[in-house]
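# when you get a sec, could you give me coordinates for this:
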Amino acid sequence: MNRRTLMRSVVMTALLAMLAAPQTWAAQGEMPGAQPSQTPLDVEALLFDPKTPTGGNPEGDVTIVAFFDYNCGYCKQSSPALEKLVKEDGKIRLVYKDWPILAKSSVSAAHLALAANYQNKYQAAHKALIALPNRSMTDAKMSAALKAAGIDLARLSADLDKNAAEIGAILVRNNQQAEALQLPGTPVYLVGPYKVAASLDYQGFKDVVADARKRASEN
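Numbers count the residues shown, from 1 in each chain. Predicted coordinates for the structure are as follows:
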């Protein structure tokens, strides 16, 4: 069994258990009154969608799936800590799930970030957009931030037009996964078998990754 097949099998088991009785971390619980989702979960797309941007170590022993919105203040707050841990740890695979649910500008930002992936600059675009204050999420300020981050705006515009259907399909899949997982909003981090629906600082991310590794070693 190769590593990808093993990872899919382990995470499938954990996610099915999560859906049956959500495993939480740091006292984060299921939303009151939440009902079982009727949306089937595509675990392969959740973990290995080839069109979904990823970061960190592709062979990492812990996968973090991050659902976020560029207008989410808690996402903005926790993003630098997550990126720092991924870089310093060296054994984390990070899956970026753009989930624009808060505003029209969230949708625009997600399209811009995903379009930047066609010039291999998704992470630069993500970092630039997540760092913008909510009041700065205008088309002009987002474009300025992307340009400052080294994104080719002419190519970005062309890629937005050329790949509009594909980008839209990515966002549809992300939303379907969020619904299947019964996510309450942003941010949500799936860390191994844990679902963390909260903003975390560096130590918080470090602790839940350690718990995920410990859990894996016990299975």
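# my read: Ala110 touches Tyr96, true?
No - using C-beta atoms under 8 Å, Ala110 is not in contact with Tyr96, being 10.1 Å away. For the C-beta atoms, the positions are set from N, CA and C on the backbone; glycine is no exception.
# settle it for me: which of those two has more neighbours?
The neighbour comparison of Ala110 against Tyr96 (other C-beta atoms under 10 Å) goes to Ala110, with 25 against 21.
# how distant is the helix or strand containing the more buried one from the center of its chain?
If you go by DSSP states H and E, Ala110 is part of helix 104-116. Helix 104-116 has its C-alpha centroid displaced from the chain centroid by 14 Å (C-alpha atoms, centre = their mean, to the nearest Å).
# flag every buried residue along that helix.
Residues of helix 104-116 classed as buried by neighbour count (16 or more other C-beta atoms under 10 Å): 105-116.
# out of the residues you listed, which comes closest to Gly73?
Distances from Gly73 to the buried residues of helix 104-116, taken as C-beta to C-beta, are shortest for Ser106 (12.2 Å).
# list the residues that contact the closest one.
69-71, 100, 137 (C-beta atoms under 8 Å, 6 or more residues apart in numbering).
# just those residues now: which is nearest Pro184?
Asp69 (12.6 Å).
# give me every residue that touches that closest one.
So Asp69 contacts 75, 98-102, 106, 110, 186-187 (C-beta under 8 Å, 6+ apart).
# kindly recompute the last result at 6 Å.
99-102, 106, 186 (C-beta atoms under 6 Å, 6 or more residues apart in numbering).
# still on that earlier bit, can you name the next helix or strand after the helix holding Ala110?
Counting by DSSP H and E, what follows helix 104-116 is helix 122-130.
# how far off helix 104-116 does that next one point, in degrees?
160 degrees (axes from the mean of the first three to the mean of the last three C-alpha atoms, to 10 degrees).
# helix 122-130: how far from the chain's middle?
The answer for helix 122-130 is 12 Å, by C-alpha atoms, centre = their mean.
# how about residues contacting it?
Taking C-beta under 6 Å, 6+ apart as the rule, helix 122-130 contacts 53, 55, 70, 76, 79, 109, 113, 116, 145-146, 149-151.
# possible to save those as a markdown table with distance to Ala180?
Below are the contacts of helix 122-130 laid out as a markdown table (distance: C-beta to C-beta, whole Å):
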| residue | distance to Ala180 |
| --- | --- |
| Pro53 | 20 |
| Gly55 | 23 |
| Tyr70 | 22 |
| Lys76 | 26 |
| Ser79 | 24 |
| Ala109 | 24 |
| Ala113 | 23 |
| Ala116 | 27 |
| Ala145 | 32 |
| Leu146 | 31 |
| Ala149 | 33 |
| Gly150 | 36 |
| Ile151 | 32 |
